[in-house]
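>>> Below are the sequence and a predicted model for it; my questions follow.
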Amino acid sequence: MYRHIGVAGATGAVGTIIRQLLEEREFPAETLTFLASSRSAGTRIEFRGEAHEVKELTSEALQGLDLLIASTPDEVAAELVPWARQQGVVVIDESGHWRMDPEVPLVVPEVNPHVISTHQGVLASPNCSTTQMVLAMKPLHDAGRIRRVVVSTYQATSGAGTVGERDLEQGTRAVLAGEEYQYDAFSAPIAFNLIPQIGSPRHQGYTSEEMKMVWETQKIFEDDTIAVCPTCIRVPVSNCHSESILVETEAKISAAEAVELFQQTEGITVVDDLAAGSYPMPLDCSGKDDVFVGRIREDLSSTNGLAFWCVSDNLRKGAATNAVQIAELLATTARASH
């Protein structure tokens, strides 16, 4: 059982939501320890009506933990996981460092819950853009086997952390005031602009963010023949990633069938009435845990194609919620085996 839970990166944007979710969803832990960098250590935070002092994230601070949910930079995760493994602590890791390790299951609970049984002390949560896409793909793949995906993402500034959100707000204010602003998170102005690059150049003209979507999708579905063509774009939206997705399936799925499949899938909410101007939008989806799907239609340019629009809160289902759901799945499995 997982009686003593730790949260690493507890004071960050994602860590804060993880804490809220553990409390709201009444995660069955007896003791919680909150960990962060030396800069945030000593901060006092409230959980379940009690004040907790944030401890510095060190190897010693992991002693006695059963499970650690970690939202840290890649370089911290690279050190953290070996520390935890040595002490028998199971880690749910939000960083990108361990995702493609062949021994580490990459988990979206609604999509591939069976892989948690293969873990050897660490489980990874996918990139935020991948998570919402694979959840939307799941019912279509089960019904008609997806062969190809073309996706364009419209990613919020919160995906670049609090500094990204500050850049959007302060940069917008500066433009409206006719002033200069020095951006910290982005290589180009984000206010009143789009930046068609997220991550560094990685493979044949694709960025690191785009290749994450390719490789993670194939790993989650355990099928490296699924072809994925992504374009990742940073947009001047504070929160929630949006995606325009086109899938091609082996067996034809009509738009009406797709709507029904989406509606039957846990974690998906369909908002799809074009005539009434009803479809998922970031402002409506922020702060919610589901993946929202709309603009569902058959592809006019191919026989077995489906196009749809997909929006999700990148800090919640794209990060914190998925990690907490993995923890719940582990706890449920542990209870069932006792």
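Right, received. Where do you want to start?

>>> Dig out what residue 234 forms beta bridges with.
Beta-bridge partners recorded for residue 234 (DSSP bridges): residue 155, residue 195.

>>> what's around it, how many residues?
Neighbour count for residue 234, taken as other C-beta atoms under 10 Å: 26. No exception for glycine: its C-beta is placed from N, CA and C like everyone else's.

>>> ok, the residue lying closest to residue 8 once chain neighbours are set aside - contacts?
Leaving aside its chain neighbours, residue 8 sits nearest to residue 70 (4.0 Å; criterion: C-beta to C-beta, 6 or more residues apart in numbering). Contact partners of residue 70, counting by C-beta atoms under 8 Å, 6 or more residues apart in numbering, are 7, 8, 9, 77, 80, 81, 91, 92, 93, 94, 95.

>>> Kindly present the residues you listed as JSON lines, with separate columns for secondary structure, distance to residue 26 and pLDDT.
Shown next, in JSON lines, are the contacts of residue 70 (DSSP: H, G, I helix; E, B strand; the rest coil; distance: C-beta to C-beta, whole Å; pLDDT from 0 to 100):
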{"residue": "7", "secondary structure": "strand", "distance to residue 26": "16", "pLDDT": "98"}
{"residue": "8", "secondary structure": "strand", "distance to residue 26": "21", "pLDDT": "97"}
{"residue": "9", "secondary structure": "coil", "distance to residue 26": "22", "pLDDT": "96"}
{"residue": "77", "secondary structure": "helix", "distance to residue 26": "27", "pLDDT": "96"}
{"residue": "80", "secondary structure": "helix", "distance to residue 26": "27", "pLDDT": "94"}
{"residue": "81", "secondary structure": "helix", "distance to residue 26": "27", "pLDDT": "94"}
{"residue": "91", "secondary structure": "strand", "distance to residue 26": "22", "pLDDT": "98"}
{"residue": "92", "secondary structure": "strand", "distance to residue 26": "18", "pLDDT": "98"}
{"residue": "93", "secondary structure": "strand", "distance to residue 26": "24", "pLDDT": "98"}
{"residue": "94", "secondary structure": "coil", "distance to residue 26": "22", "pLDDT": "96"}
{"residue": "95", "secondary structure": "coil", "distance to residue 26": "27", "pLDDT": "96"}
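
>>> Name the pair among those residues with the greatest separation in space.
The span of those, defined through C-beta to C-beta, is set by 7 and 81 at 15.2 Å.

>>> So which of these two has more stuff around it?
It is residue 7, of residue 7 and residue 81, that has more neighbours when counted by other C-beta under 10 Å, with 30 against 23.
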